[in-house]
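Q: whatever this is, show me its structure:
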Amino acid sequence: MSRVPGVRRGPAGPPVPLVAVAHGSRDPRAAATVEELLEAVRRTRPDLPVRVAYLDHAPPTLAGALSGLAEAAVLPLLLTEAYHSRVDIPGALAEVAARHPRLRVHRGATLGPHPLLTAALERRLAEAGVPAGDPETAVVLVSAGSSDPRANATVARIARAWARPGWWPATAAYASAAAPAPEEEVRRLLAAGAPRVAVAPYLLAPGLFADRVRTRTLAAGACAVAGVLGAAPEVAAVLLERYGQAVRGTEAPVAATA
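A: A predicted model of the protein is given here:
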């Protein structure tokens with residue numbers, strides 16, 4: 001059985017429960033994808049208690065997911081640091097702390113950026129028929145977009161770093177809140193001479209943004225649109241890595257983490 005180094009265990013050896021916090025969506029496919037991802041984590045670590053919470057649109061809340069626990073590792077199922085990870089999750093934890101001051105929480109980092117997520121993007125492109133590093137294909141990396149320019153800059157850096165000899169450079173686009181829009185970037189690259197343009201959604205789950213990106217970029221001339229990251233094995237591995245980092249960190253009361 002695999003073990004995460006540094007996990008504190010009681011006399012019976014139970015690891016600190018993992019509580020994964022997703023954004024939440026009215027689209028049932030999103031929750032189904034999150035559960036598929038967490039099932040992959042459970043298969044890898046059958047000894048690890050895993051719970052889910054949602055910030056909006058779906059139960060349980062973070063307070064509900066933490067109910068009955070004395071200690072937990074709270075991990076954002078988010079791809080970049082932005083409003084939800086900087087404000088919403090700390091705010092929710094502060095509310096829980098007011099009612100349960102003895103609860104101890106290890107706050108984890110967002111999933112991205114991480115090299116394994118780039119590997120997951122390449123997996124999804126390959127599944128869509130686009131081999132990684134095809135010199136005839138430019139790739140548009142599409143995130144949801146954020147009102148926080150730091151999050152958008154992070155996605156742009158991921159795109160710039162996602163390069164191999166002979167590739168067309170990968171470029172970033174945003175489904176909302178920032179420019180360029182994905183379909184605009186597809187048209188720009190085709191006009192610049194790219195023989196083909198493929199789209200790689202930097203999105204965790206299906207929903208409105210993923211559907212809109214697919215429809216609009218194919219209409220703009222994209223040759224392929226990859227699937228969302230979803231329950232790719234690389235994503236599950238990153239989540240477990242973030243868990244290990246969280247539980248090895250300095251322990252603090254939940255109130256102090258907000």
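Q: C-alpha only now, for contacts and for neighbours.
A: Will do.
Q: what about residue 20? Give its phi and psi, please.
A: Note on residue 20: backbone dihedrals following degrees, to the nearest 10 are phi -90, psi 130.
Q: burial check on it, number of neighbours?
A: 23 (other Cα atoms under 10 Å).
Q: please apply the same query to residue 165.
A: With other Cα under 10 Å as criterion, residue 165 counts 8.
Q: let me know the secondary structure of it.
A: Recorded secondary structure, residue 165: coil (DSSP: H, G, I helix; E, B strand; the rest coil).
Q: which ones are touching the residue lying closest to it once chain neighbours are set aside?
A: Closest residue in space to residue 165, ignoring its immediate chain neighbours: residue 133 at 7.8 Å, by Cα to Cα, 6 or more residues apart in numbering. Neighbouring residues of residue 133 by Cα atoms under 8 Å, 6 or more residues apart in numbering: 163-168.
Q: for the stretch 151-258 of the chain, give me the ranges with low pLDDT.
A: Residues of the stretch 151-258 of the chain that meet the criterion pLDDT under 70 lie in 250-258.
Q: where do the strands sit along it?
A: Taking DSSP state E, counting those that start in this stretch to define them, one finds strands in the stretch 151-258 of the chain at 171-174, 196-201, 224-225.
Q: I'd like those strands as JSON lines, with mean neighbour count and distance to residue 212 appended.
A: JSON lines is the format used below for those (neighbours: other Cα atoms under 10 Å; distance: least, Cα to Cα, whole Å):
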{"stretch": "strand 171-174", "mean neighbour count": "26", "distance to residue 212": "11"}
{"stretch": "strand 196-201", "mean neighbour count": "26", "distance to residue 212": "11"}
{"stretch": "strand 224-225", "mean neighbour count": "22", "distance to residue 212": "11"}
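Q: mind checking which of the ones you listed is nearest residue 40?
A: Proximity to residue 40 (Cα to Cα) singles out strand 196-201 among these, at 20.8 Å.
Q: partner strands of that closest one, with direction?
A: Partners of strand 196-201 in the sheet, by DSSP bridges, are strand 137-143 (parallel), strand 224-225 (parallel).
Q: quick one: those strands as a markdown table, columns for distance to residue 30 too.
A: Converted to a markdown table, the strands paired with strand 196-201 look like this (distance: least, Cα to Cα, whole Å):
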| stretch | distance to residue 30 |
| --- | --- |
| strand 137-143 | 16 |
| strand 224-225 | 18 |
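Q: pick the most buried one from these.
A: Among these, ranked by average contacts under mean count of other Cα atoms under 10 Å, first place goes to strand 137-143 (a mean of 26).
Q: any idea which element residue 74 lies in?
A: In this assignment (DSSP states H and E), residue 74 forms part of strand 71-76.
Q: tell me which residues in stretch 109-121 are buried?
A: Residues 109-113, 116-121 are the ones in stretch 109-121 that count as buried (16 or more other Cα atoms under 10 Å).
Q: I'd like the distance between the nearest residue to residue 60 once chain neighbours are set aside and residue 93.
A: Leaving aside its sequence neighbours, residue 60 sits nearest to residue 53 (Cα to Cα, 6+ apart; 5.2 Å). Here residue 53 is placed at a distance of 12 Å from residue 93 (Cα to Cα, to the nearest Å).
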